[in-house]
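Undergrad: My questions are about this predicted structure, shown below with the sequence.
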Amino acid sequence: MNQDNYTATYSPEDNKLRLYADRRLDAETYAHVKEMGFKWAPKQELFVAPKWTPAREDFLVELAGEIELEMTTLVERAEAKAERLDALVEKRDRESNAFMRAADDLSQAFYMGQPILVGHHSERKARKTQERMHNAMDKSVKAAKSVQYWQWKAAGVERFANMKNSPRVRANRIKTLLAELRDYQRALNHAALCVKVWEKATSDETIAKLSGMRLKTGDLCYWDHQRAFRDGSMTALELRETSMRNAQKILDSETRRRWIDHVLNRLAYERDLLGPVGRYEGEITPVILQGFSREHGAHKPNAEVSETGFRLTSSAPLPLHIANAESLDLSADDWRDLMQAVGYVVPNKKPALPPILNFKAGDREIVAATGNIYGRKDAFRQIELTKEQYSKVWQDLRGTRTSACGLFRFKICKDPTSTEAYYMRPWVAVFLTDSKEHPAPDGFKEQSNSV
């Protein structure tokens, strides 16, 4: 195999691998290329795979020697495709006009409403001319419709390329990549926890108990191994060793590591195009560090203040791009640098909701901040219930509403004391008789009952 005959490229824009060949592939190579998921793109004269995988990368490296960066951008490919579609539009437009002219020429045989003379020697020729005229008109209409379709396709190609490069779509793509990263890391976390559990199981009795248990992250052993142990075809020691070996195999998987590295590289690329990530200058708190590590796949992270700054710990090893250990102790500035390096943006704190107050409204109704489409605000008469009675109301038929003044919230539910059908029962405000009673807020005292 001559590697000089092939050129392999990767495009981070669309995460696709491409294979260029300067000659026709032999049958064996072509079959292998198709087997790896590559498809022939005739207009571009290349083979393209829908997405990157370690197996496809290894195949292209073996075939071409190396993988280069794709030089044509997504916009350039879209422009080339739009040009091809525009040329097709012009071709279909010419065909439509040509068929219309042919139909017009054939229609001259029926000028001024000349009828077909039934039984006359000219009938056969006239009917043939009429059929040709109708066929030409049908082809003209079909070509005209095709013009509209290909014009729409050409515009859609350019819109799609612009959409893929928009900041909003890029930000959503980063969220998707982070979710993919957490999926890979979750499997590593589960494997590490399994190893820790099985290492502590030294007796047959303990192993027997563990064989039927599962962690919150997943099963401790494979179902077929558990069945073999129950059938007696596998001893307790064999079950332990097999389960530990399977978990360790996941931890040592080079393929999984390559997937994680690939996702991290794509994240770096997308963040670079989206714009630089600013360094967080606010106060570092354990909650911020836990949210940061959780977004990158850490298992139940716990952060606390330490002598040097803050210590982040987890029962499973932290993600490799954060720390190759179960704990990491850094100063506040070092944590800021690490979060900036991996592109983490501390989310803005959401405004706190108004407090839920439990007070007696008496004979007055409590007015909510929202209402119907006519601008009339909802008002709720109040009933008294115990916490047990309120909890028995179906959860979809109870909740809270914000008051018209916006200073407090109050509990509501479908009136459980009503004898009407559920869909007919009114919504009412609730005062819990066995909960702490609050004084009536000023916003309620000042509210108007004119709803």
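TA: Thanks, I have it.
Undergrad: ok, the closest residue in space to Arg398 that isn't next to it in sequence - how many residues close by?
TA: Among residues not flanking Arg398 along the chain, Cys413 sits closest, at 3.7 Å (Cβ to Cβ, 6 or more residues apart in numbering). (Each C-beta comes from the backbone N, C-alpha and C, glycine too.) Burial of Cys413 is recorded as 23 neighbouring residues (other Cβ atoms under 10 Å).
Undergrad: so Cys413 sits right up against Val430, yeah?
TA: Yes: using Cβ atoms under 8 Å, Cys413 is in contact with Val430, at 5.8 Å.
Undergrad: what is in contact with these two at once?
TA: Leu385, Tyr390, Arg398 (Cβ atoms under 8 Å, 6 or more residues apart in numbering).
Undergrad: which ones are touching Ser211?
TA: Leu220, Cys221, Gln226, Phe229, Arg230, Leu239.
Undergrad: Just want the most central residue of this structure.
TA: Centroid-nearest residue in the chain: Thr176, 4.7 Å away (criterion: Cα atoms, centre = their mean).
Undergrad: and the residue nearest to Arg398, that's in a strand?
TA: Yes: membership of Cys413 in a strand is supported by DSSP: H, G, I helix; E, B strand; the rest coil.
Undergrad: now stretch 332-339: how far from the chain's centre is it?
TA: 28 Å (Cα atoms, centre = their mean, to the nearest Å).
Undergrad: residue ranges of the helices in the chain, please?
TA: 27-35, 54-64, 74-107, 123-164, 167-200, 204-211, 223-231, 236-251, 254-274, 286-295, 332-341, 387-391, 442-446 (DSSP state H).
Undergrad: the domain parsing of this protein - what is it?
TA: 3-72, 76-164, 169-256, 282-341, 366-446 (automatic domain parsing).
Undergrad: about what we covered before: and the gap between the residue nearest to Arg398 and Leu273?
TA: 50 Å (Cβ to Cβ, to the nearest Å).
Undergrad: swap in Leu237?
TA: In this view, Leu237 and Leu273 are 54 Å apart by Cβ to Cβ.
Undergrad: and if you look at Lys436?
TA: Distance from Lys436 to Leu273, by Cβ to Cβ: 54 Å.
Undergrad: When these two are compared, which one has more neighbours?
TA: Taking other Cβ under 10 Å, Lys436 and Leu273 do not tie; Leu273 has more neighbours (12 against 7).
Undergrad: Run through the residues that contact the more buried one.
TA: The neighbours of Leu273, taking Cβ under 8 Å, 6+ apart as the test, are Asn165, Arg170.
Undergrad: Next one: it from Glu199, what distance?
TA: With Cβ to Cβ as the criterion, Leu273 and Glu199 are 45 Å apart.
Undergrad: what do you get for Leu274?
TA: Counting by Cβ to Cβ, the gap from Leu274 to Glu199 is 43 Å.
Undergrad: Neighbour count for those two, which is higher?
TA: Leu274 (14 against 10).
Undergrad: Pro441 touches Lys360, doesn't it?
TA: No: taking contacts as Cβ under 8 Å, Pro441 lies outside contact range of Lys360: 11.9 Å.
Undergrad: between those two, which one's more packed in?
TA: Using other Cβ under 10 Å, the more surrounded residue of Pro441 and Lys360 is Pro441, with 18 against 13.
Undergrad: Out of the domains of the chain, flag the one nearest His262.
TA: Nearest to His262 among the domains of the chain is domain 3-72 (6.3 Å), distances taken as Cβ to Cβ.
Undergrad: rounded to a whole number, what's the mean pLDDT of the closest one?
TA: Averaged across domain 3-72, pLDDT comes to 88.
Undergrad: May I ask which of the shared contacts of Cys413 and Val430 has the most neighbours?
TA: Ranking the shared contacts of Cys413 and Val430 using other Cβ under 10 Å puts Leu385 first, with 21 neighbours.
Undergrad: bridging residues for that one?
TA: Beta-bridge partners for Leu385, by DSSP bridges, are Leu432.
Undergrad: Which pLDDT value goes with it?
TA: So Leu385 comes in at 95 (pLDDT).
Undergrad: likewise Gly343?
TA: 88.
Undergrad: thinking it is in contact with Tyr269, fair?
TA: No: applying Cβ under 8 Å, one finds Gly343 not in contact with Tyr269, separated by 10.7 Å.
Undergrad: So between those two, which is more surrounded?
TA: More crowded of Gly343 and Tyr269, by other Cβ under 10 Å: Gly343, with 18 against 14.
Undergrad: How many residues are close by Glu205?
TA: Residues lying near Glu205 (other Cβ under 10 Å) number 10.
Undergrad: Next one: it, what pLDDT does it get?
TA: 90.
Undergrad: Give me the distance from stretch 280-290 to the chain's centre.
TA: 27 Å.
Undergrad: Quick check: buried residues in that stretch?
TA: Going by neighbour count (16 or more other Cβ atoms under 10 Å), the buried part of stretch 280-290 is Tyr280, Ile284, Ile288, Leu289, Gln290.
Undergrad: Perfect, that will be all.
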